[in-house]
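Peer 1: no sequence on this one, just coordinates:
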């Protein structure tokens with residue numbers, strides 16, 4: 001049985017097209033998911049334009065933010081009895097890991113050096129059927145639509161960069177740099193933790209900044225220094241750097257207060273061209289944050305199920321798979337924050 005999929009077939013720019021995809025075969029510990037919704041990520045756009053800084057196993061079906069229903073169970077999964085056909089599920093992204101690696105053994109399999117993710121390491125979810133290891137699955141509560149469930153992964157990224165480190169306290173003042181989907185969701189998470197938040201972008205980001213106002217944040221074009229130093233002149237308690245450039249770290253160091261923290265979640269392949277002395281002089285904690293793990297996903301799904309986290313402002317449009325390019329273009333232009341593709 002074949003279905004169509006959005007395939008990245010080369011490192012050359014614009015090497016993405018619809019191709020026929022064979023239905024995958026389940027291994028003993030896998031399920032076959034009938035994909036109902038897949039959210040577009042900025043990494044999908046980078047691979048579309050050939051600007052990714054990570055290795056890709058070409059050709060590969062794009063998409064790592066996806067959910068659906070179980071269509072088939074592998075032998076061991078069926079015997080375990082935890083899952084059944086028809087269950088509503090969403091999958092984590094760490095498709096391939098070494099379960100015996102030191103990081104996996106302490107539950108931080110997202111940091112396993114051999115990790116391969118959907119959409120670049122193995123085939124992802126922008127097709128009708130996807131093979132998923134059962135260890136990756138989470139149940140989707142009935143009151144969460146597939147369109148919103150598909151965005152569990154970027155919510156988990158935002159959770160990982162804001163709440164998981166344990167830095168934020170109610171009443172803190174937090175600056176978020178970069179109004180892309182992760183930046184806006186980081187705003188939402190910081191607000192849930194009781195912080196005052198300012199989201200910083202450029203003039204070209206005005207539409208995204210306006211969308212983010214739904215989460216009760218201040219929006220700033222350009223320089224956040226004045227807002228950060230309003231209370232006592234020292235700066236913001238913390239900064240979430242969700243911008244996709246290395247230079248944003250310089251501004252983060254300028255606006256953070258002494259003994260504050262910076263959580264860097266945005267990728268930026270450019271080399272730094274400024275001194276890190278302020279990091280030392282201010283005694284700042286700089287923390288990289290990559291991916292997520294099981295408890296983060298469970299907490300995000302609880303936030304969605306209880307409607308404490310509202311994704312309506314983030315979801316900009318739902319597109320049939322044949323209109324994948326329109327879904328990509330509308331996100332890239334900043335017209336919308338998140339596109340969701342329906343493979344059916």
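Peer 2: Great, that's in hand. The structure displayed is predicted, hence computed values, not measured ones.

Peer 1: show me where the stretch 51-200 of the chain has strands.
Peer 2: 60-61, 65-73, 88-91, 129-133, 137-139, 173-177, 196-201 (DSSP state E, counting those that start in this stretch).

Peer 1: out of those strands, nearest to residue 37?
Peer 2: strand 65-73 (5.8 Å; CB to CB). Yep, even glycine has a C-beta here, placed from its N, CA and C like the rest.

Peer 1: ok, the closest one: who's next to it in the sheet?
Peer 2: Paired neighbours of strand 65-73 in the sheet (DSSP bridges): strand 30-39 (antiparallel), strand 88-91 (antiparallel).

Peer 1: which residues touch it?
Peer 2: 26, 31-41, 83-91, 93, 118, 124-126, 129-130, 140, 146, 149-154 (CB atoms under 8 Å, 6 or more residues apart in numbering).

Peer 1: filter the residues you listed to the buried ones?
Peer 2: 26, 31-41, 83, 87-91, 93, 118, 124-126, 129-130, 140, 146, 149-154 (16 or more other CB atoms under 10 Å).

Peer 1: got the strands of the stretch 51-200 of the chain as JSON lines, with distance to residue 214 columns?
Peer 2: Output for the strands of the stretch 51-200 of the chain, formatted as JSON lines (distance: least, CB to CB, whole Å):
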{"stretch": "strand 60-61", "distance to residue 214": "33"}
{"stretch": "strand 65-73", "distance to residue 214": "21"}
{"stretch": "strand 88-91", "distance to residue 214": "23"}
{"stretch": "strand 129-133", "distance to residue 214": "32"}
{"stretch": "strand 137-139", "distance to residue 214": "26"}
{"stretch": "strand 173-177", "distance to residue 214": "14"}
{"stretch": "strand 196-201", "distance to residue 214": "11"}
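
Peer 1: Test my guess that residue 108 contacts residue 294.
Peer 2: No: Residue 108 lies out of contact with residue 294 (CB atoms under 8 Å); the separation is 10.3 Å.

Peer 1: The stretch 1-150 of the chain: helices as residue ranges?
Peer 2: In the stretch 1-150 of the chain, the segments counted as helices under DSSP state H, counting those that start in this stretch are 42-49, 75-80, 102-105, 146-149.

Peer 1: now those as a markdown table including distance to residue 216 and mean pLDDT?
Peer 2: Below are those laid out as a markdown table (distance: least, CB to CB, whole Å; pLDDT from 0 to 100):
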| stretch | distance to residue 216 | mean pLDDT |
| --- | --- | --- |
| helix 42-49 | 24 | 96 |
| helix 75-80 | 42 | 98 |
| helix 102-105 | 36 | 97 |
| helix 146-149 | 20 | 98 |
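
Peer 1: Those: which one's closest to residue 339?
Peer 2: Smallest distance to residue 339 across the helices of the stretch 1-150 of the chain (CB to CB): 9.5 Å, for helix 42-49.

Peer 1: can you list contacts of that closest one?
Peer 2: Contacts with helix 42-49, where a contact means CB under 8 Å, 6+ apart, come from 8, 13-16, 52-54, 56, 62-64, 119-120, 126, 180-182, 244, 328, 331-332.

Peer 1: so that helix versus strand 65-73, what angle?
Peer 2: Here the directions of helix 42-49 and strand 65-73 differ by 90 degrees (axes from the mean of the first three to the mean of the last three CA atoms, to 10 degrees).

Peer 1: distance of residue 258 from residue 155?
Peer 2: According to CB to CB, to the nearest Å, residue 258 stands 31 Å off from residue 155.
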